[in-house]
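> here is my input, please return the structure:
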Amino acid sequence: MFRRSRSDEAAAPATPSPGPGAGPATEVAARPGAKGRPTPSRKEAEAARKARARTPRTRKELAAARRAARIEQSERVRRGMRTGNEADLLPRDRGPVKRFLRDFVDARLTFLELMMPLLLLSLLLSLTGNAYLVTTSSNMMPLLLLLALADGVALRFRVRRQLKARFPDESWKGTTYYAVVRALQVRFLRMPKPQVKLGQELPEHYR
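Next up, the predicted model:
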């Protein structure tokens, strides 16, 4: 065995000692075969595992994931129909113009709202077999239709006047149809649910 001389020890490069600020990542990077990056924490590894577990891998899992997404979307829409939350409504009901039209119709009692119950009453009278009631029902039908037509035309003019004052720069396409269809529905069956009471004064701005 040969003993190293003092000159050989002096020529050998000194191994640098880690400074006081060096952490585990520095030690990992200095080891041969290390990944060169910090090891992920337990929380990050758990999150990555759950993300991989949620990813559908088979056709059955994909169908189940799509079905769950449809159920969640339906629940969001039902919640929006109950609360009037803009983000959860269907595209046809979104926007300040549609929100104003709903409030404008819901704040008033029109003949159009009474149209369906009266038509149902007229139908029931015609099924009684009583000659007088059948005649009365037959005479009521044209009158009801005429009053509904007149009320629909009046509603259209009122809606257009309000839209011109409140939303001069917005598109009014389909607004008359939207307002008339909602007015034809009985109040407690309207969707989205009414957010104003009868006779309530509407806000000035719907932006």
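> any low-confidence regions in the protein?
Judged by pLDDT under 70, the chain has its weakly predicted residues at 1-40, 43, 45-57, 207.
> outline the domain layout of it.
Following automatic domain parsing, one gets these domains for the chain: 42-83, 91-189.
> mean neighbour count and distance to E201 for those - can I get that in JSON lines?
Where C-beta positions appear, they are placed from N, C-alpha and C, glycine not excepted. Shown next, in JSON lines, are these (neighbours: other C-beta atoms under 10 Å; distance: least, C-beta to C-beta, whole Å):
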{"stretch": "domain 42-83", "mean neighbour count": "11", "distance to E201": "22"}
{"stretch": "domain 91-189", "mean neighbour count": "15", "distance to E201": "8"}
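> can you tell which of those domains is closest to Q195?
domain 91-189 (6.6 Å; C-beta to C-beta).
> now render the domains of the chain as JSON lines, adding distance to P203.
Output for these, formatted as JSON lines (distance: least, C-beta to C-beta, whole Å):
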{"stretch": "domain 42-83", "distance to P203": "18"}
{"stretch": "domain 91-189", "distance to P203": "8"}
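> so for Y206, which of those domains sits nearest?
Closest among the domains of the chain, using C-beta to C-beta: domain 91-189, at 4.0 Å.
> for the closest one, measure first residue to last.
In terms of C-alpha to C-alpha, to the nearest Å, the two terminal residues of domain 91-189 are separated by 20 Å.
> and it, how far from the chain's centre?
Taking C-alpha atoms, centre = their mean, to the nearest Å, one finds the center of domain 91-189 at 27 Å from the center of the full chain.
> this structure: helices as residue ranges?
6-11, 24-30, 42-54, 59-83, 96-106, 111-126, 131-166, 175-184 (DSSP state H).
> can I get those helices in CSV including distance to R190?
CSV is the format used below for these (distance: least, C-beta to C-beta, whole Å):
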stretch, distance to R190
helix 6-11, 93
helix 24-30, 62
helix 42-54, 38
helix 59-83, 10
helix 96-106, 7
helix 111-126, 9
helix 131-166, 15
helix 175-184, 6
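> show me the one of the ones you listed that comes nearest K193.
Closest approach to K193 among the helices of the chain is made by helix 59-83 (5.6 Å; C-beta to C-beta).
> distance from that closest one to the middle of the chain?
Remark: helix 59-83 is offset 12 Å from the chain centroid, using C-alpha atoms, centre = their mean.
> torsion angles phi and psi at L90?
Per-residue torsions, L90: phi -70, psi 150 (degrees, to the nearest 10).
> which residue packs closest to it, ignoring adjacent ones?
Computed as C-beta to C-beta, 6 or more residues apart in numbering, the closest residue to L90 that is not its neighbour in sequence is V77, at 6.2 Å.
> okay then, goodbye and thanks.
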